[in-house]
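**Q** The sequence and its predicted three-dimensional model are supplied below.
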Amino acid sequence: MRILFLSSIFPRPYAPARGIYCRHICQCLAEQDDVTVISSRSWPEALKHRRIDAPRDPSGCYLIDGLRTTYPTYYYPPKVWRAAYAKFMWASVRRHVVDHLSRHRPDAVLSYWAHPDGEVAARAAELVGAPSAVIIGGSDVLLLGKERRRQAAVVNALRRVDAVLAVSQDLRRNLLQLGIDDSKIHVVYTGVDPNLFCAGDRAEARRRLGIALDQKAILYVGNLIPLKGLRVLLDALNKIGNASPNVHAYIVGNGPERPVLEQRAAQLGLSARIHFCGSLRHEQLPDYYRAADVTVLASRSEGIPNVLRESLACGTPFVATRVGGIPEISTSSANRLVNVDDPDELAAALSHTIGESFLSRRVVEPAPTWHDTASDCREIFAELISRRRHAPPKSCAA
């Protein structure tokens, strides 16, 4: 099967962690199928990174982890007319896409993010009569859909594709509430790399990271943005710190909130016990999960966050807010769920978890792998292709 992956959310040589889950899916699909990637870059991004340092194949495509990838530029007016972004993206990349389709006609088109990416993928698929599918991660439906005009654009994009792949049952319910046809919604859980995220020696992981064995370590992994509730987490850590001075928090990730959070940590007198680690390569994360006593996520909205699955795969429990699909993976009594924006409840749950003797009886919880995710996508496309082949011909108008 020839598959075109078309989404702006995909790794770049200068941003290897961007959309890394999309890379995992494409790499696993490429083990059996012919996969190419078109990942548009916004014009500010293209201006900032004019040169892409990556090898190319004879056709001129960049080779990103073995995947043939191109990066056309996407032009749009910043912060205005967001409901029309699919039109701007399609106008920007149409010539590039048409040229690609003329040389590599796909059997199916896959995308990530409902709008504008999903609609653009549907338009590309329509040009060659191929089925299209879009993976819904969470915010593209849960947050973008709150603004009336953007919601209409999101719904239009989802109705235009042949299949909508939701990463949780909670997202499926939200899609149904938006009026998306139940028959086109498929729950496809994102995966975890079992060779990378697995049980390991906690003491050795702490030695490599310079974390003392007698320290209580709380871990956060993710973007530093308001949606993730990090200010609430700092308030909770402040409450814990008053009673437990040996508790340290490790904040892995970067984002616009970092200066505000660092300033807040200093105001609370927590600078020595809250460590901002910055962005890390995916390969560096397992040691942090294994070294931690608990992974925390205080988000206001989520699909099913892979950081929690990765943590469980390494044997570390989590404390997280009761949002999105998180309850679907909170099956162990070691994990605890709390309400959004409640630092007191969050502090109590974290204190309970780090106070338990989980270290001697950690349980590794298996999760779907990326090969499972790719297999689900492949089966859905095979069904859509078969359905098109056996569909009766459309009658001509009189």
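**A** Now that the structure is in, tell me what you want to look at. Here the structure is a predicted model, which means the values were calculated and not measured.
**Q** What are the contacting residues of the helix or strand of the chain with the lowest mean pLDDT?
**A** Every helix and strand in the chain was compared by mean pLDDT, DSSP states H and E; the lowest is helix 139-142, with a mean of 80. Contact with helix 139-142 is made by 113-115, 118, 154, 171, 174-175, 178, 227, 301, 303, 324, as judged by Cβ atoms under 8 Å, 6 or more residues apart in numbering. No exception for glycine: its C-beta is placed from N, CA and C like everyone else's.
**Q** do that again at 6 Å, thanks
**A** 113, 114, 174, 301 (Cβ atoms under 6 Å, 6 or more residues apart in numbering).
**Q** show me what contacts the third one?
**A** With contacts taken as Cβ under 6 Å, 6+ apart, residue 174 has the following neighbours: residue 141.
**Q** Can I take it that it is in a helix?
**A** Yes: under DSSP: H, G, I helix; E, B strand; the rest coil, residue 174 falls within a helix.
**Q** got a pLDDT number for it?
**A** Residue 174 carries a pLDDT score of 91 in this model.
**Q** picking up where we left off before, could you point out the helix or strand that follows the least confident helix or strand of the chain?
**A** Later in the chain than helix 139-142, the nearest helix or strand by DSSP states H and E is helix 148-160.
**Q** what packs against that next one?
**A** helix 119-128 (3 or more Cβ pairs under 6 Å, 6 or more residues apart in numbering; DSSP states H and E).
**Q** For the very next helix or strand once past the helix it packs on, what does the pLDDT average out to?
**A** Downstream of helix 119-128, the first helix or strand assigned by DSSP H and E is strand 132-136. Strand 132-136 carries an average pLDDT of 97.
**Q** Which residues outside strand 132-136 are in contact with it?
**A** Counting by Cβ under 6 Å, 6+ apart, 109-112, 114, 118, 121-122, 125, 161-163, 165-166, 171 sit against strand 132-136.
**Q** One more: stretch 313-330?
**A** 138, 168, 170, 192, 197, 199, 286, 289-290, 292, 294-299, 301-304, 308, 311, 334-338, 340, 349-350, 353, 362, 364, 367.
**Q** If any of those are buried, give me the PyMOL selection for them.
**A** For the buried members of the contacts of stretch 313-330, the matching PyMOL selection, counting by 16 or more other Cβ atoms under 10 Å, is:
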select buried, resi 138+168+170+192+197+286+289+290+292+294+295+296+297+298+299+301+302+303+304+308+311+334+335+336+338+349+350+353+362+367
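**Q** Please state the offset of the least confident helix or strand of the chain from the chain centre?
**A** Its chain's C-alpha centre and that of helix 139-142 lie 12 Å apart, by Cα atoms, centre = their mean, to the nearest Å.
**Q** can I get the CA coordinates of that helix in CSV?
**A** Output in CSV follows, covering the C-alpha atoms of helix 139-142 (Å, rounded to 0.1, in the frame of the first residue of the first chain):
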residue,chain,number,x,y,z
SER,A,139,-7.0,19.7,21.7
ASP,A,140,-7.9,19.9,18.0
VAL,A,141,-11.5,18.9,19.0
LEU,A,142,-11.6,19.7,22.8
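**Q** What are the buried residues along it?
**A** Buried positions in helix 139-142, judged by neighbour count with 16+ other Cβ under 10 Å: 139, 140, 141, 142.
**Q** how much space between the last one and residue 130?
**A** Distance, residue 142 to residue 130, by Cβ to Cβ, to the nearest Å: 29 Å.
**Q** which residue packs closest to residue 41, ignoring adjacent ones?
**A** residue 71 (4.9 Å; Cβ to Cβ, 6 or more residues apart in numbering).
**Q** Pull the number of nearby residues for that neighbour.
**A** Neighbours of residue 71 under the rule other Cβ atoms under 10 Å: 24.
**Q** again with residue 259
**A** 9.
**Q** Tell me the secondary structure at it.
**A** helix.
**Q** list the contacts for it?
**A** Contacts of residue 259 (Cβ under 6 Å, 6+ apart): none.
**Q** per-residue confidence at it?
**A** 97.
**Q** So residue 385 versus residue 107, what's the distance?
**A** Applying Cβ to Cβ to residue 385 and residue 107 gives a distance of 6 Å.
**Q** more crowded one of those two?
**A** The residue with more neighbours, out of residue 385 and residue 107, is residue 107; 19 against 16, by other Cβ under 10 Å.
**Q** Just put the buried residues of helix 139-142 in JSON lines and tack on distance to residue 241.
**A** Formatted as JSON lines, these follow (distance: Cβ to Cβ, whole Å):
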{"residue": "139", "distance to residue 241": "31"}
{"residue": "140", "distance to residue 241": "36"}
{"residue": "141", "distance to residue 241": "37"}
{"residue": "142", "distance to residue 241": "32"}
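**Q** what's the closest of those residues to residue 280?
**A** Nearest to residue 280 among those: residue 139, at 22.4 Å, using Cβ to Cβ.
**Q** quick one: the closest one and residue 182, what's the gap?
**A** In terms of Cβ to Cβ, residue 139 sits 22 Å off from residue 182.
**Q** Ramachandran angles for residue 7?
**A** Torsion angles at residue 7 (phi, psi; degrees, to the nearest 10) stand at phi -160, psi 150.
**Q** One more: residue 368?
**A** Torsion angles, degrees, to the nearest 10, at residue 368: phi -60, psi 150.
**Q** what's it in contact with, if anything?
**A** Residues in contact with residue 368, defined by Cβ under 6 Å, 6+ apart, are 189, 191.
**Q** mind listing what's buried in the helix or strand hosting residue 382?
**A** Per DSSP H and E, residue 382 falls inside helix 370-390. By neighbour count with 16+ other Cβ under 10 Å, helix 370-390 contains the buried residues 370-378, 380-381, 384-385.
**Q** ok, now stretch 28-39?
**A** Going by 16+ other Cβ under 10 Å, stretch 28-39 has these buried residues: 28, 29, 30, 33, 35, 36, 37, 38, 39.
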